[in-house]
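J.: Whatever this is, show me its structure:
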Amino acid sequence: MRILLINPNISVSVSNLIRAEAQRAASPGTQIEVVTAPLGVAYIETRFESIIGAYAAATLAAEHEAQHDALIIAAFGDPGIRGIREAVNVPVVGLTEAALMSACLLGSRFSIIAISRRITAWYRECVQANGLIDRLASIRCLDQPLRDIGAVQADHETRLRALCQQAVEEDGADVIVLAGAPLAGMARTIREHIPVPLVDGVSSAVRHAETLAALAPGRARAGSYAPPPAKAHQGLPPALQALLERGPIH
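T.: Numbering: from 1, shown residues only. Reported below is the predicted structural model:
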């Protein structure tokens, strides 16, 4: 099985964190590949930045889907996931969807730990879009500038652990979701210090992607996730052009 993780941000250091955690989580024999957006921002915090990330993710998905059994949008917020799901022929999993589904299997109410205050409004909207806002206990976040997006764990571990503890003691969280690719793998390192289950988006997404690929559920030929209809277009990268020209499956 071959799984592609798409980092919609330009941070290679974060891609390295994603790759390391994905390889730890993957089943024996599963091949992991990680690609990094060639354009965009260092990390997505806002709705507008998520639009840019969605375009980068869609382009990488179009370029690589034929060589893989499943794709993962490896950024919390899952930029572009619903549109990409319409267009490609393999299962597409996002860090948010996978983490939230895992959290709901572990407890009734979950809290999200985020890396910045600005990001929290968008995260709340993502939870709502997944129909789980009633199960959200809280979103707690770091509130200081980030020196290096690839070093968030090392720079802020003490504060992140304190936020997890507050979510349990003050917000009533049954489960903690460590949100975002910059926190990939941290659940493994702090789990013994937190009294409720911790969920990592990357490892959750890898395991969910393996399951969907193994189930071989088939491709939507009707409904809202059927492929986009063929129509005139211009100015698109060749891979996106080819994807649109493929048209509906009959």
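J.: shaky segments in this protein?
T.: 247-250 (pLDDT under 70).
J.: one more time with 50
T.: Of all residues in the chain, none has pLDDT under 50.
J.: What are the structural domain limits within it?
T.: Listed by automatic domain parsing, the domain ranges of the chain are 2-94+205-246, 97-201.
J.: okay if I get those as JSON lines plus mean neighbour count?
T.: Just so you know, the C-beta spots here come from the backbone N, C-alpha and C atoms, and that holds for glycine as well. Below are these laid out as JSON lines (neighbours: other C-beta atoms under 10 Å):
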{"stretch": "domain 2-94+205-246", "mean neighbour count": "19"}
{"stretch": "domain 97-201", "mean neighbour count": "19"}
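J.: any idea how far the closest residue to Leu132 other than its chain neighbours lies from Tyr225?
T.: Nearest residue to Leu132, sequence neighbours excluded (C-beta to C-beta, 6 or more residues apart in numbering): Leu100, at 5.6 Å. From Leu100 across to Tyr225, the span is 19 Å (C-beta to C-beta, to the nearest Å).
J.: same thing with Ala239?
T.: Counting by C-beta to C-beta, the gap from Ala239 to Tyr225 is 20 Å.
J.: same check, this time on Asp134
T.: Asp134 is 25 Å from Tyr225, by C-beta to C-beta.
J.: do the same with Ser102
T.: Distance from Ser102 to Tyr225, by C-beta to C-beta: 22 Å.
J.: just the helices in the chain please.
T.: 12-25, 47-64, 81-87, 95-106, 119-129, 152-171, 186-190, 201-215, 238-246 (DSSP state H).
J.: Output those as CSV; include the columns distance to Ile3.
T.: Output for the helices of the chain, formatted as CSV (distance: least, C-beta to C-beta, whole Å):
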stretch, distance to Ile3
helix 12-25, 7
helix 47-64, 11
helix 81-87, 15
helix 95-106, 12
helix 119-129, 22
helix 152-171, 23
helix 186-190, 19
helix 201-215, 5
helix 238-246, 19
